[in-house]
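> Attaching a predicted model along with its sequence, questions to come.
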Amino acid sequence: MTDPLLLVSVVADSVRSYGEFPVVGARGAVWIAAQVHLMFAAFVLGVPMFAVVAEAIGIFGNEPRYDKLAKEFTRLLLVAYSATAIWGAVLVFLLSTLYPKFWAYLTTVFGPSMWLYAGLFFFESFTLYLYYYGWDRWKYGTSKIVHWTLGILLNVWGTIVMLIANSWLTYMMSPPRDISSTTDPSTIKLWHAISNATWMPINIHRLIANVVFGGAIVAAYASYRFLSAQTDEERAHYDWMGYVGNFIAMSALIVLPFAGYWLGREIYQYDQSMGITMMGGFMSWLWVVQAFLIAVLFLAGNYYLWIGMGRIPGAERYRPYIKYLLIVLVLGSMVWGTPHTMIADSKELAAMGGSHHPLLGALGVMSAKNTAVNLMILATFLSFLLYRRGNKEFTVPWAATGTKIQGAMFVIAAAIVLFYGIRGYFVEAIVRIGYSVYQVGAVLLCIVCVTVIDSMMGRGAKAVGEIQWGKMPARSQYALFILAVTFTWLMGLMGFARSGIRQYWHIWQVMEDTSKYAATPALGYASRMISLCVLIFLSLVSFVFWLGGLAEKSTYVASGKEGKNVGH
Amino acid sequence: MWATNLKVIGVVLGTLLLYTVICNKIPQMQSEVPYKMPTIGPNTTPDQLAAAGEKVFNGVGGCAACHGLGTRAPNLLTDEKGTGQIGARCGKREPGKSCKQYLFESLDQPAAFVVPGYQPIMPRITKLVPVEQAWALVAYLESQGGTIDVSFTDIPAAGPAAPAAAAPAGFAGGSMDPKALIKEAGCRNCHMLDGEGQTMAPDLTHVGSRRDEASIHKKIVDPGSDVTKGFESFAGVMPKTFGTDMSKEQLDALAKFLAGKK
């Protein structure tokens, strides 16, 4: 009997390698479908993670508002999930019609995992339906725990689905070294192809990034609902929801760069030329843009927190410190965005006095950039800490000492970051790379220890006043929109970087792209495509949320009757 | 409500516009696909050669990065200080050299003749692209204001009996004369040697008194292996291609010559 996979290959060989698509071309069509699908997928994978955590806080912390929040998160998922599947189908159809030979290759190698993927999609869909529609049915006692377990299961299915899809795209980037252009795809072992060099780093990076992205989109949704709220109660609820979404996004963002470094290191280890193309080749300017975008994220995230302190009685005590935090963030952003190597002729080199500009050369290196980003993370954490203790008056006898210890931890962490940052200039690259671990370690240790001390100090603390949820100026909500747009755009940019470093290869050094779109476009063209994808995604997600709002209106029960509340 | 909607749309579109504009304002670099030249045979026409050369010029050759900016290298496709396009002036650049000889030399030995007013910064194009692509480039440049006279027989890989002068055998034409190697490598663009050259890199006049032959050899092949004190800020400027450009015998001859500079 003939192998069906081989048949697919033979059929593909007998037909054209590439198709064409009107207006945007084949590459543009696949680019848009893949990117918009990925944005929806990131949302529907990220949101269940914190929905299930919020439900757990509701159950085990006896906080009904978190349960309500978890349900609202899940309602957003419901329609977004369909959109994810639709865009996934669009992507598959476009790939199979526009890149039939490449698609036949992928299906030959990954066929069985694609069947599993489709099967898991069923499980995931029905678990989601059960999870959402069963919310009010299974809300007490053991049945609530069972319901929560459904939420965990939803995350398990979603994560496996993501791991499978990641294996396909990481194979394109880093196929195992024993596979070449002459290797018969039907002889490649499935697990060998899945467990390629960049699979696990991408898995971790995407897992965290999905949480960041989900949090940001939820915060933007809440901010829109806040701006269009009709009652103070509604405004207060969505103000709080926006705060939680932003908190989730910013917290996960803090660890994201470390996952990114791991991915970058694996890319370098797999193929140094690929790493050089990414960081020092035609994509080098992309990282300056990335630094700018992350600077926007840090500034907008902190700005939102600082404005939020206005609704916290007692937080005015900390307002004088904000300007110093702003200085650290702005200077840090400038250092992080400093370009390093620029093409120059011998006259220019002589005028600069070296291969690099005397100022830019010193600040554009990893020692300075790592120092800058770590100090920015510390500043952001300090912003959050001041926000958190805004209306608290600690009553434990050791409160003053505890605060001094916290302050000392910040100083020590900053000193360690600076010390290794400066020392990095005087040692070899291999030693310098190791220093980033000490810098990151110091910052994370500071964050963990200070949070623990703060939680202990907070026990029995007096509230200077209640947080005035809903008493936020509109401009704070626009900061949340900027955050959501920036996160989404950054995701598109990083997708371009990851995919673009393959250059004219469908599968790196295995299957060459011989289409007329084989050249990897410059950043200008890529930015227009990214903006288009973001616009499509945000328009669709707004429509999806509007649809969700229609269902909610029909079931909305005003507060005071929360026990019978079935929609909100 | 509509005012809120419009503000939200404005913020979203404004943010997208800002990022898009920034990305379009910075230098645009596209990753090109290596050009696969069609087979060259006796029936290949000059126009076909020039068409292939145009692809090399705008693609893998990277010529447009400097030629045409008006500062780093002479304009080739447009007028250069009243002398016309490159095809019109190439035959008058070097006495005794035809247009195609001059153009090929500038691709194969860029330091052999540097247009007054410019720095010898051009890389050796025959190291970047196959020789037939370099000849296609010559044909394309000739077509810019001149007449294409490159033919099948000029191209060593394609022609039946290529003229020996067309493609010199190796670096500096295979010369073992250290002075010719120094000239070809453009060492004096950065180093001072016997009172001639620049001061951007260490003076080589007495280099033999501070380095032995092996150390000089290593430094030429792997410039990053160590950096002379006081020149740390210029680390990375020296090309790393001499080890592959020159033959072993040429490298030995050059290192021995420099080691003798006590």
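Good, I have the coordinates.
> Quick one: low-confidence residue ranges for the stretch 101-250 of chain B.
Within the stretch 101-250 of chain B, the stretches with pLDDT under 70 are B:121, B:128, B:157-170, B:232-237, B:240-241.
> so what does the helix or strand where A:Val53 lies touch, helix or strand wise?
Here A:Val53, judged by DSSP states H and E, is contained in helix A:25-60. Secondary-structure packing of helix A:25-60 (3 or more Cβ pairs under 8 Å, 6 or more residues apart in numbering or on different chains; DSSP states H and E): helix A:64-98, helix A:141-173, helix A:199-227, helix A:474-500, helix A:523-555. For every residue, glycine as well, the C-beta is placed using N, CA and C.
> Now the element after the first one, going C-ward?
If you walk from helix A:64-98 toward the C-terminus, the next helix or strand you reach (DSSP H and E) is helix A:100-133.
> State the mean pLDDT of that next one.
Averaging pLDDT along helix A:100-133 yields 94.
> if we can go back for a sec, nearest to B:Val129, of the helices and strands packed on helix A:25-60?
Evaluated with Cβ to Cβ, those place helix A:474-500 nearest to B:Val129, the distance being 23.3 Å.
> same for that closest one, what does it pack against?
Taking 3+ Cβ pairs under 8 Å, 6+ apart as the contact definition, the neighbouring helices and strands of helix A:474-500 are helix A:25-60, helix A:141-173, helix A:199-227, helix A:232-270, helix A:284-308, helix A:523-555, helix B:2-25.
> most packed of the ones you listed?
Greatest average neighbour count among these goes to helix A:199-227 (a mean of 24), per mean count of other Cβ atoms under 10 Å in any protein chain shown.
> I'd like to know how many residues surround the closest residue in space to A:Glu316 that isn't next to it in sequence.
Excluding the flanking residues, the one nearest A:Glu316 by Cβ to Cβ, 6 or more residues apart in numbering or on different chains is A:Met309, at 7.6 Å. For A:Met309, the number of neighbouring residues by other Cβ atoms under 10 Å in any protein chain shown comes to 19.
> Mind checking the helices and strands packed on helix A:474-500 for the one nearest to A:Ala413?
Set against A:Ala413 and scored by Cβ to Cβ, the helices and strands packed on helix A:474-500 come closest in helix A:232-270, at 13.3 Å.
> got a list of what the nearest residue to B:Arg93 once chain neighbours are set aside touches?
The shortest distance from B:Arg93 to any non-neighbouring residue, by Cβ to Cβ, 6+ apart, is to B:Tyr102 (5.0 Å). Contact criterion Cβ atoms under 8 Å, 6 or more residues apart in numbering or on different chains gives B:90-91, B:93-94, B:113 as the residues in contact with B:Tyr102.
> still on that earlier bit, my read: the residue nearest to A:Glu316 touches A:Ala315, true?
Yes - counting by Cβ atoms under 8 Å, A:Met309 touches A:Ala315, with 3.8 Å between them.
> Between those two, which contacts overlap?
Shared contacts of A:Met309 and A:Ala315, counting by Cβ under 8 Å, 6+ apart, come down to A:386-387, A:390.
> can you tell me which of those are in helices?
A:386-387 (DSSP state H).
> Which of the shared contacts of A:Met309 and A:Ala315 are buried, as a PyMOL select command?
The command below creates a PyMOL selection of those among the shared contacts of A:Met309 and A:Ala315 that count as buried (16 or more other Cβ atoms under 10 Å in any protein chain shown):
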select buried, chain A and resi 386+387+390
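> can you list contacts of stretch A:494-514?
In this structure, residues lying in contact with stretch A:494-514 by Cβ under 8 Å, 6+ apart are A:17-18, A:34-35, A:38, A:99, A:102, A:105, A:169, A:171-175, A:179-181, A:183, A:202, A:267, A:271, A:274, A:277-278, A:283, A:286, A:290, A:518-520, A:526, A:529-530, B:31, B:33-34.
> Export that stretch to CSV, keeping only CA atoms.
Taking C-alpha atoms only, stretch A:494-514 is exported to CSV below (Å, rounded to 0.1, in the frame of the first residue of the first chain):
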residue,chain,number,x,y,z
MET,A,494,9.1,40.1,17.1
GLY,A,495,7.2,37.7,14.9
PHE,A,496,8.9,39.4,11.9
ALA,A,497,12.3,39.1,13.6
ARG,A,498,11.8,35.4,14.3
SER,A,499,10.5,34.6,10.9
GLY,A,500,12.8,37.0,9.0
ILE,A,501,16.0,35.5,10.2
ARG,A,502,15.4,32.5,8.0
GLN,A,503,15.8,35.0,5.1
TYR,A,504,15.3,33.2,1.8
TRP,A,505,14.7,29.8,3.4
HIS,A,506,11.3,28.3,4.1
ILE,A,507,13.1,25.8,6.3
TRP,A,508,16.6,27.0,7.3
GLN,A,509,19.1,25.4,4.9
VAL,A,510,16.7,22.6,4.0
MET,A,511,14.0,24.1,1.8
GLU,A,512,14.8,27.2,-0.1
ASP,A,513,12.2,29.9,-0.9
THR,A,514,12.3,30.2,-4.7
